[in-house]
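A.B. asks: what's the 3D shape of this:
(2 chains)
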Amino acid sequence: MNLRMATHGTHLDIRGIRKSFGSAEVLRGIDFEQSPGQFVALVGRSGSGKSTLMRLIAGLDVPSSGRIEANGSTLQGANSTTRIMFQEARLLPWKRVLDNAALGLPRGQRDRALHALEQVGLADRAGDWPGILSGGQKQRVALARALASQPRLLLLDEPLGALDALTRLEMQALIERLWLEQQFSALLVTHDPEEAVALADRVLVIEDGRLINDVRIDLPRPRSRSESAFAAYKDEVLNSVLARNSFMPARAVVRM
Amino acid sequence: MNTRINRRILPWILPIAILSGWYFASRFGLLSARILPPPGAVLQAAIKLTRSGELPHHLAVSAGRAVTGLLIGGGIGFLLGLLTGTFALAEGMLDSTIQMVRTIPNLAMIPLVILWLGIGEEAKIFLIALGVFFPLYLNTYHGIRSIDPGLKEMAQVYGLRGWELFRQVIFPGAMPSVLIGLRFALGTMWLTLIAAEALAAESGIGFMTTSAREFMQTDIVVVGTLIYALLGKGADMLAKGLEHRLLSWNTVYQRA
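C.D. replies: Down below sits the predicted model:
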């Protein structure tokens, strides 16, 4: 990793994380370290615990045991250097696009919000109400809002899951471009192995509350999805997602 | 035909038809002046009452009562709704009691109110305040309770807490519901005002019509009744205007 990344992105160190809701243990001992500026994808089926882990890292919930360290200090509650993008855009409908992008910014830094809107290509919609934007545009505003505060760690909780295939590809390219430019650490939760392999330096596969695979994606960017190496990585990720699946033949699930 | 012109004309057809039906029925002796005087006579009565200063005086007194009651009862309802909607402690203490008292129709309180406050101004304002309290309380409370938890969670990630969270997320989120409460309250306000003024009064539109009835001045009774209709319509337009202004972000209220 180069030196610039080391100065900006969050260094995340996760040790022995467990999380239970009542008698159900959702996370059963998660350990991993994310170096500054790294793009990590967390892949797993629904119910595997990936979103729970994301919420813990965002400070929206506390682990039952274990610790999360960001840049050497233990995480406590929401953190101004960490931003999260949810599956839904969660824009405030009563604020115009620019005010949404400027949410949480100190006064006098609103130009940053406008700049972030420029980066996602929506500066001309700054004065519109969110209600008239398309789903993809809303997610771009949510991305601008996340980036306006110049986060060191960007958490992406399946933010593209609800978008159509073409918009999804555009958003993936946009996220990759902005990540390359701004060098924050990124953690993407997804159930789509292709999306994971297209974006991440490293894909973690989570199953039943445990990490069962850690695949380093050694492909140059921008990545071509038609290459055989890409397909091989995708298969590897997909196979480890399906490996533990005891109640359904693998072929039936490939469609997901 | 142009639909926009249609829209303009359409609401007027029925009132004009009723008015001309009324006019011709009086004209050809189908309607005795005792039952319903002709429109011209009613108009003359209105002009005469306005010239003598009687009508403006009674109107001002009635409007003053209505607005005072609305501000007191509505204000308290709104504040308590904010309180119980925001704080679990306040909800636990107050809500079930308020929900119980709510089931008493406010006009059923008239005997008790007369015993407590007599038949003066205080009694009338108290009845109006009581009538507008519940719609505002219930809708404010409900508005705050039904704010999307996803938005609150998002705001938490962006560091909004306390007053900022309230100002930027909770209050605007509850606003549509609060305004619905206001419209209900305006309806109750007129109803209660009429009942309170018919009860006992030395001034006000209700007093004017009640005393006119004693002297069989049907024209003045009709003037008073029409004034109530106009006041009600005016209040409704005011509420609609507020909705249009405060909820311009909401696509439901965006009409051409």
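A.B. asks: what helix or strand is the nearest residue to A:Glu236 once chain neighbours are set aside on?
C.D. replies: Distances taken as C-beta to C-beta, 6 or more residues apart in numbering or on different chains place A:Val215 nearest to A:Glu236, at 5.8 Å, with adjacent residues excluded. C-betas here are computed from N, CA, C, even on glycine. Using DSSP states H and E, the element containing A:Val215 is strand A:210-216.
A.B. asks: go on, A:Asp31?
C.D. replies: Secondary structure (DSSP H and E) places A:Asp31 in strand A:24-34.
A.B. asks: contacts for the following helix or strand past that strand?
C.D. replies: Downstream of strand A:24-34, the next assigned helix or strand under DSSP H and E is strand A:39-43. Outside strand A:39-43, the residues that touch it by C-beta atoms under 8 Å, 6 or more residues apart in numbering or on different chains are A:32, A:34, A:50, A:53-54, A:179, A:185-193, A:195-197, A:199-206, A:237, A:241.
A.B. asks: Over to stretch B:155-165?
C.D. replies: A:58-60, A:78, A:80, A:82-84, A:103-104, A:145, A:149, B:152, B:168-169.
A.B. asks: among the residues you listed, who's most crowded?
C.D. replies: A:Arg145 (29 neighbours; other C-beta atoms under 10 Å in any protein chain shown).
A.B. asks: Need the CA coordinates for the helix or strand it falls within. CSV is fine.
C.D. replies: Under the criterion of DSSP H and E, A:Arg145 resides in helix A:135-148. Extracted C-alpha coordinates of helix A:135-148, given in CSV (Å, rounded to 0.1, in the frame of the first residue of the first chain):
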residue,chain,number,x,y,z
GLY,A,135,-33.6,5.7,-7.0
GLY,A,136,-30.1,5.9,-8.5
GLN,A,137,-29.9,9.7,-8.1
LYS,A,138,-31.0,9.4,-4.5
GLN,A,139,-28.2,6.9,-3.8
ARG,A,140,-25.7,9.3,-5.5
VAL,A,141,-26.9,12.1,-3.2
ALA,A,142,-26.5,9.7,-0.2
LEU,A,143,-22.9,9.0,-1.5
ALA,A,144,-22.2,12.7,-1.8
ARG,A,145,-23.6,13.2,1.8
ALA,A,146,-21.2,10.5,3.0
LEU,A,147,-18.2,11.9,1.2
ALA,A,148,-18.9,15.6,2.0
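A.B. asks: any idea of the mean pLDDT for it?
C.D. replies: Averaging pLDDT along helix A:135-148 yields 93.
A.B. asks: do you know how far the residue in the stretch 51-200 of chain B that chain A sits nearest to is from B:Gln168?
C.D. replies: Nearest to chain A, among the residues of the stretch 51-200 of chain B, is B:Tyr158, at 3.4 Å (C-beta to the nearest C-beta). B:Tyr158 is 9 Å from B:Gln168, where distance means C-beta to C-beta, to the nearest Å.
A.B. asks: Give me the common contacts of the two.
C.D. replies: Common neighbours of B:Tyr158 and B:Gln168, using C-beta under 8 Å, 6+ apart, are A:Leu103.
A.B. asks: Mind listing the strands the strand holding A:Asp31 pairs with, and their directions?
C.D. replies: Strand A:24-34 has the following strand partners under DSSP bridges: strand A:12-21 (antiparallel).
A.B. asks: For the partner strand, buried residues please.
C.D. replies: Within strand A:12-21, the residues scored as buried using 16 or more other C-beta atoms under 10 Å in any protein chain shown are A:12-14, A:17, A:19.
A.B. asks: quick one: it to chain centroid distance?
C.D. replies: Between the centre of strand A:12-21 and the centre of its host chain there is 18 Å, according to C-alpha atoms, centre = their mean, to the nearest Å.
A.B. asks: Strand A:39-43 and that one, what's the angle between them?
C.D. replies: Orientation check (axes from the mean of the first three to the mean of the last three C-alpha atoms, to 10 degrees): strand A:12-21 against strand A:39-43 gives 20 degrees.
A.B. asks: What are the boundaries of the helices in the stretch 51-200 of chain A?
C.D. replies: Using DSSP state H, counting those that start in this stretch, the helices found in the stretch 51-200 of chain A span residues A:97-101, A:110-119, A:135-148, A:165-182, A:193-199.
A.B. asks: could you check the angle helix A:135-148 makes with the longest one?
C.D. replies: Here helix A:165-182 runs at an angle of 10 degrees relative to helix A:135-148 (the same axes, to 10 degrees).
A.B. asks: What is helix A:165-182 packed up against?
C.D. replies: helix A:135-148, helix A:193-199 (3 or more C-beta pairs under 8 Å, 6 or more residues apart in numbering or on different chains; DSSP states H and E).
A.B. asks: What is the longest one packed up against?
C.D. replies: To tie it back to what came earlier, the one meant is helix A:135-148. strand A:82-85, helix A:97-101, helix A:110-119, helix A:165-182.
A.B. asks: Let's have those in TSV, adding mean pLDDT.
C.D. replies: Converted to TSV, the helices and strands packed on helix A:135-148 look like this (pLDDT from 0 to 100):
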stretch	mean pLDDT
strand A:82-85	92
helix A:97-101	94
helix A:110-119	92
helix A:165-182	91
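A.B. asks: Can you convert the ones you listed into TSV and add a column each for distance to A:Gly66?
C.D. replies: Output for the helices and strands packed on helix A:135-148, formatted as TSV (distance: least, C-beta to C-beta, whole Å):
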stretch	distance to A:Gly66
strand A:82-85	18
helix A:97-101	35
helix A:110-119	34
helix A:165-182	27
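A.B. asks: And these: which comes nearest B:Pro15?
C.D. replies: Proximity to B:Pro15, assessed across the helices and strands packed on helix A:135-148 by C-beta to C-beta, is greatest for helix A:97-101 (43.2 Å).
A.B. asks: May I see the buried residues of the closest one?
C.D. replies: The neighbour-count check on helix A:97-101 (16+ other C-beta under 10 Å) flags A:97-101 as buried.
A.B. asks: and of the residues you listed, the nearest to chain B?
C.D. replies: Of all the buried residues of helix A:97-101, chain B sits closest to A:Asp99, with 8.9 Å by C-beta to the nearest C-beta.
A.B. asks: ok so, going back, buried by neighbour count: which residues of the strand holding A:Asp31 qualify?
C.D. replies: Neighbour count says strand A:24-34 has A:26-27, A:30, A:32, A:34 buried, by 16+ other C-beta under 10 Å.
A.B. asks: for it, what is the average pLDDT?
C.D. replies: Model confidence over strand A:24-34, given as mean pLDDT, is 92.
A.B. asks: same check, this time on stretch B:71-88
C.D. replies: Mean pLDDT, computed over stretch B:71-88, is 93.
A.B. asks: The residue lying closest to B:Leu136 once chain neighbours are set aside: what's it in contact with?
C.D. replies: Of all residues not flanking B:Leu136 in the chain, B:Gly77 sits nearest, at 3.5 Å (C-beta to C-beta, 6+ apart). For B:Gly77, the contact set (C-beta under 8 Å, 6+ apart) comprises B:132-137, B:140, B:181, B:185.
A.B. asks: Quickly find the element holding B:Gly77.
C.D. replies: Element membership of B:Gly77, judged by DSSP H and E, is helix B:75-86.
A.B. asks: Could you report the distance from the residue of chain A found nearest chain B to B:Ser96?
C.D. replies: Relative to chain B, the nearest point of chain A is A:Gly104 (3.4 Å; C-beta to the nearest C-beta). Distance of A:Gly104 to B:Ser96, computed by C-beta to C-beta: 37 Å.
A.B. asks: Equivalent analysis for A:Ser35, please.
C.D. replies: In this view, A:Ser35 and B:Ser96 are 55 Å apart by C-beta to C-beta.
A.B. asks: just to revisit the earlier point, wait, which of the buried residues of strand A:12-21 is closest to B:Trp22?
C.D. replies: A:Lys19 (74.2 Å).
A.B. asks: Could you give the bridge partners of the closest one?
C.D. replies: Per DSSP bridges, the residues bridged to A:Lys19 are A:Leu27.
A.B. asks: these two touch, right, it and A:Val26?
C.D. replies: Yes - A:Lys19 is within contact range of A:Val26, at 5.2 Å (criterion: C-beta atoms under 8 Å).
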